[in-house]
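[1] coords please:
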Amino acid sequence: MSRYRNSNYLELQQRGLNVMDYGADPSGTKDSTTAIQNAVNAAGNRGGTVIFPPGQFLISSPITLQDGICITGSGMPQTNPNTGSIIIANTAMNAMFQTNLNGTGQRLNNLAIEKICLNGNNNATYGLYLDSVINQKGDFRDLYILNATNTQVWYSGATTGNAYGGNYVTFRNCVFSSGQTGIYINADWVVLDSIFCSGQTAIPFHFVGGLGN
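    Here you go, the predicted structure:
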């Protein structure tokens, strides 16, 4: 994982890349898409942590994730937006956070996302969309993802023979609410711990591939 993984939030403020330093607006008034993407790209260039302070951040198009980064917020809000970091889909889009959809797959080693809320706002088809991922060791925890119209979390490793790209993925302490499916996973090894899905109209949990746990 990122070298700052599981560090104290206040410590991260001093060492990570704060999206507000790139122009993101935590008031939920102005669009923060470009600012967030620039922070993610900067972290991907050197390896590091992207920090979301408490607030509401509007996006108008998907954020493309990068290799070797940690995205961390100030908490997982479920009732009070002032206590955590919330990203809100403000217009129609395929996904809020996604891989590079260029048809060739994307290598994402040591990606971590934690302590954050993705609100699809019935505008995003997917909340977190990781498709054709190659050789990922992913760690996702303390996430609240809701109101994506199709699936809150879609994770699919790149298929290699009968395997799925050597993907080792952990989801811990997550809530996936509404939509058709809470979480879809197609990977070699998956650890799920304290996952709660609610309000789905089709399948809360959808697993294929070689699940480890």
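[2] now do the buried residues in the top helix by length along the chain.
    Ordering each helix of the chain by length in residues (DSSP state H) puts helix 33-46 first. Within helix 33-46, the residues scored as buried using 16 or more other C-beta atoms under 10 Å are 33, 35-44. All C-beta atoms are positioned from the backbone trio N, CA, C, and that covers glycine.
[3] parallel or antiparallel, list what pairs with the helix or strand that contains residue 97.
    Using DSSP states H and E, residue 97 sits within strand 93-98. Partner strands for strand 93-98, per DSSP bridges, with pairing direction: strand 63-64 (parallel), strand 124-134 (parallel).
[4] what is the next helix or strand after the shortest one packed up against?
    When you say that, I think you mean strand 63-64. In the C-terminal direction, the helix or strand that comes right after strand 63-64 (DSSP H and E) is strand 69-72. Strand 69-72 is packed against helix 33-46, strand 48-51, strand 111-119, with contacts defined by 3 or more C-beta pairs under 8 Å, 6 or more residues apart in numbering; DSSP states H and E.
[5] which parts of this protein are helices?
    9-15, 33-46.
[6] list the contacts of the last one.
    In other words, helix 33-46. Residues from elsewhere that reach helix 33-46 (C-beta atoms under 8 Å, 6 or more residues apart in numbering): 16-25, 48-50, 57-61, 63-71, 87.
[7] cutoff 6 Å now
    The contact list for helix 33-46, computed with C-beta atoms under 6 Å, 6 or more residues apart in numbering, reads 17, 19, 22-24, 50, 59-61, 63, 66-67, 69.
[8] may I ask which two of those are separated the most?
    Greatest spacing in the contacts of helix 33-46, by C-beta to C-beta: 60 and 67 (24.4 Å).
[9] on that earlier part again, weakest of the helices of the chain by average pLDDT?
    Between these, the one with the least mean pLDDT is helix 9-15; it has a mean of 49.
[10] circling back: so how do I select the buried members of the contacts of helix 33-46 in ChimeraX?
    Per 16+ other C-beta under 10 Å, the buried members of the contacts of helix 33-46 correspond to this ChimeraX selection:
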select :17,19,22,24,50,59,61,63,66,67,69
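[11] can you redo the contacts of helix 33-46 as TSV with pLDDT and distance to residue 154?
    TSV is the format used below for these (pLDDT from 0 to 100; distance: C-beta to C-beta, whole Å):
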residue	pLDDT	distance to residue 154
17	94	26
19	97	24
22	97	27
23	98	29
24	98	25
50	96	21
59	98	18
60	98	20
61	97	17
63	97	15
66	89	18
67	83	19
69	90	19
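[12] what residues does stretch 145-153 touch?
    The contact list for stretch 145-153, computed with C-beta under 6 Å, 6+ apart, reads 118-122, 124-128, 176-184.
[13] next, name the residue at the spatial heart of this protein.
    With distances taken as C-alpha atoms, centre = their mean, the residue of the chain nearest its centroid is residue 128 (4.8 Å).
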